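Chemist: Whatever this is, show me its structure:
(one chain, ligands or ions: 1)
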Amino acid sequence: MKSIVLLRHGESLWNKENRFTGWTDVDLTEKGIQEALKAGNVLKEKGYVFDKAYTSYLKRAVKTLNCVLDRMDQDWIPVEKSWRLNEKHYGMLQGLNKSETAEKYGDEQVLIWRRSYDIAPLPLPEDDPRNPRFDIRYKDVPDKELPRTESLKDTVDRIIPYWKEVIFPSLKTSNQLLVVAHGNSLRGIIKYLKNISNEKIVHLNLPTAIPYVFEFNDDLKLMNDYFLGDPEEIKKLMEAVANQGKKK
Ligand SMILES: O=C(O)[C@@H](CO)OP(=O)(O)O
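Modeler: Numbers count the residues shown, from 1 in each chain. The predicted structure is shown next:
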């Protein structure tokens with residue numbers, strides 16, 4: 001069986017402060033580093049040997065990947081970074097506290113901004129210094145492809161071509177691949193892989209740094225998917241993520 005392991009980064013500073021993050025390049029907390037190292041230990045214990053890893057241009061994902069590979073003593077494997085694996089762009093919500101935003105606009109509106117398929121938060125103004133066009137790391141990305149906000153659909157539209165053209169085809173010549181990315185960019189990939197409806201995807205909340213394994217047969221047909229960890233604990237972690245967008 002071939003497998004692709006999806007992993008959300010460990011806790012970031014803005015996860016801890018409960019702020020909308022999106023494309024803001026915040027670092028891991030100490031807890032986030034420990035979570036990433038733990039994921040590395042779990043993958044090592046299970047005997048994973050990755051042929052290649054993929055991650056985003058954002059340091060919380062890059063550093064999580066580095067911690068995982070360090071723990072596995074697989075620091076040497078090829079790694080490809082792509083802006084296409086970045087988190088959903090959260091537009092004008094970036095930096096705001098999620099429960100304060102729920103106090104102001106209501107839980108339901110925040111759920112729409114966080115989890116609906118095709119509704120995006122208000123975009124950053126064109127001249128906002130946070131517009132990705134002013135960030136050197138995106139200098140090779142055509143301006144029209146750089147978001148100032150995104151719905152999950154927009155995220156899927158930029159991520160799935162990369163999945164189909166780069167990540168998935170490399171499974172033909174590999175056995176195990178690792179993708180370290182973000183809560184919503186991974187939700188987009190999972191929606192595509194499992195053909196989850198626009199309505200059902202609202203309820204998927206990914207915990208930080210819990211490996212999610214997708215197994216494929218030799219014809220690259222998806223056979224099985226499961227988290228590595230205690231199901232009860234994972235359920236609680238998922239509920240905690242869902243609750244981040246509610247009033248206190
Ligand atoms: O703020 C964000 O960028 C994301 C992921 O951390 O959060 P949410 O779970 O609200 O989509």
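Chemist: CA atoms for contacts and neighbours, from now on please.
Modeler: Will do.
Chemist: Next one: the residue nearest in space to the middle of the chain from Ser56, what distance?
Modeler: Note on the chain: the residue nearest the mean C-alpha position is His182, at 1.5 Å, using Cα atoms, centre = their mean. Computed as Cα to Cα, to the nearest Å, the His182 to Ser56 distance reads 8 Å.
Chemist: Quick one: residues in contact with the helix ranked longest in the chain.
Modeler: Criterion DSSP state H: the longest helix present in the chain is helix 30-45. For helix 30-45, the surrounding residues in contact (Cα atoms under 8 Å, 6 or more residues apart in numbering) are 9-12, 64-65, 67-72, 208-211, 228.
Chemist: ok, now with 6 Å
Modeler: Applying Cα atoms under 6 Å, 6 or more residues apart in numbering, the external contacts of helix 30-45 come out as Gly10, Glu11, Thr64, Cys67, Val68, Arg71, Met72, Ala209.
Chemist: How about the residues of the chain by the ligand?
Modeler: Listed as neighbours of the ligand in the chain under the rule Cα under 6 Å from any ligand atom: Asn15, Arg19, Phe20, Thr21, Gly22, Arg114, Gly183, Asn184.
Chemist: Of these, which pair is most distant in space?
Modeler: Arg19 and Asn184 (14.7 Å; Cα to Cα).
Chemist: Those two - which one has more neighbours?
Modeler: Taking other Cα atoms under 10 Å, Arg19 and Asn184 do not tie; Asn184 has more neighbours (25 against 20).
Chemist: So what's the gap between the helix or strand where that one lies and the chain middle?
Modeler: Of the helices and strands defined by DSSP states H and E, Asn184 is found in helix 183-194. In terms of Cα atoms, centre = their mean, to the nearest Å, the centre of helix 183-194 is found 8 Å from the chain centre.
Chemist: tell me the phi and psi of Ala53?
Modeler: phi -130, psi 150 (degrees, to the nearest 10).
Chemist: need the contact list for it.
Modeler: Val79, Leu177, Leu178, Val179.
Chemist: and the third one, helix, strand or coil?
Modeler: Following DSSP: H, G, I helix; E, B strand; the rest coil, Leu178 is assigned to strand.
Chemist: got it, and Leu171?
Modeler: Taking three-state DSSP, the label given to Leu171 is helix.
Chemist: All the helices of this protein, residue numbers only.
Modeler: 13-16, 30-45, 59-72, 98-105, 107-115, 152-162, 183-194, 231-243.
Chemist: Between the two ends of stretch 202-218, how far is it?
Modeler: Stretch 202-218 has its terminal residues 32 Å apart, counting by Cα to Cα.
Chemist: buried ones in it?
Modeler: For stretch 202-218, a neighbour-count test (16 or more other Cα atoms under 10 Å) marks 202, 204-216 as buried.
Chemist: which one is Pro147 nearest to, not counting chain neighbours?
Modeler: Closest residue to Pro147 apart from its sequence neighbours, by Cα to Cα, 6 or more residues apart in numbering: His89 at 6.7 Å.
Chemist: swap in Asn224?
Modeler: Closest to Asn224 by Cα to Cα, 6+ apart is Glu215, at 5.2 Å.
Chemist: Just give me the closest of the buried residues of stretch 202-218 to the ligand.
Modeler: Asn205 (7.0 Å; Cα to the nearest ligand atom).
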